[in-house]
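K.L.:
3D, please:
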Amino acid sequence: MKTPNVSSRALTAAMLAAFIVTGVSAQTAGTPVPVTRQDPQTRAREIAAYRDALSAGRSHARAGSIASAEDALTAVNKSARNTAAWHLETAQRLLQVASQLAREGRPNQVNAVARRILEQLEQAEALARDGRTRAAAQSIAGFVHERYFGDAATAAARYQAALQSSPTSPQAREGVQRLQRNGPPGSDTPR
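P.N.:
Coordinates of the predicted model:
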């Protein structure tokens, strides 16, 4: 059976979705929170606010103002400020901006946003109270090093650290396997 060729955009989207799910599950590990249904108008307002924040964040990042981009994005964070979950949520939103800037061909802005993502992830890792949250931060850091800096060695080290923090982390395991299968980013030969 032939495996389909997955584009880097599809891979990025899949990884981002997996990281968001990991972040949400890491944030909710522990006491279950009852699910409340929102009325459609409230949900629509939240989605519009999120889209506006993402658009504003992208505009600020394009102009080189990463701090302003981050301020716009964190305005819609759901997690309590200065918690591991808040830093993970911020990193995930910045990751979306970096992905969009990369598609637009803006390497300087992507580099600046990627550095800020890593700073947010360091904070998340330092504040993490459990292995799953720590592993989520480490896995995202591995992805950033792999995707945006082309640093396979650091990416592999971050994925391995994530596996140490949470041996069942699917994102860390996938990252390690991808690096082993494909070799360093930019190389034509798998390992």
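
K.L.:
okay, the strand or helix carrying residue 52 in CSV with CA atoms only?
P.N.:
If you go by DSSP states H and E, residue 52 is part of helix 40-62. Extracted in CSV, the C-alpha atoms of helix 40-62 (Å, rounded to 0.1, in the frame of the first residue of the first chain):
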residue,chain,number,x,y,z
PRO,A,40,-24.9,30.1,19.6
GLN,A,41,-24.6,33.9,19.8
THR,A,42,-22.0,33.7,22.7
ARG,A,43,-20.0,31.1,20.8
ALA,A,44,-20.2,33.2,17.6
ARG,A,45,-18.9,36.3,19.6
GLU,A,46,-16.0,34.2,21.0
ILE,A,47,-15.1,32.9,17.5
ALA,A,48,-15.2,36.5,16.1
ALA,A,49,-13.0,37.7,19.0
TYR,A,50,-10.5,34.9,18.4
ARG,A,51,-10.4,35.6,14.6
ASP,A,52,-9.9,39.4,15.3
ALA,A,53,-7.1,38.7,17.8
LEU,A,54,-5.4,36.3,15.4
SER,A,55,-5.7,38.9,12.6
ALA,A,56,-4.3,41.7,14.8
GLY,A,57,-1.6,39.4,16.1
ARG,A,58,-0.5,38.6,12.5
SER,A,59,-0.6,42.3,11.5
HIS,A,60,1.6,43.3,14.5
ALA,A,61,4.0,40.4,13.8
ARG,A,62,4.3,41.4,10.1
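
K.L.:
Show me which residues of that helix are buried.
P.N.:
53, 54, 56, 57, 58, 60, 61 (16 or more other Cβ atoms under 10 Å). C-beta here means a position set from N, CA and C on the backbone, and glycine is covered the same way.

K.L.:
and what of stretch 70-82?
P.N.:
70, 72, 73, 74, 76, 77, 79.

K.L.:
quick one: residue 180 and residue 151, what's the gap?
P.N.:
Distance of residue 180 to residue 151, given as Cβ to Cβ, to the nearest Å: 16 Å.

K.L.:
Looking at these two, which one has more neighbours?
P.N.:
Taking neighbours as other Cβ atoms under 10 Å, residue 180 and residue 151 compare with residue 151 leading, 17 against 11.
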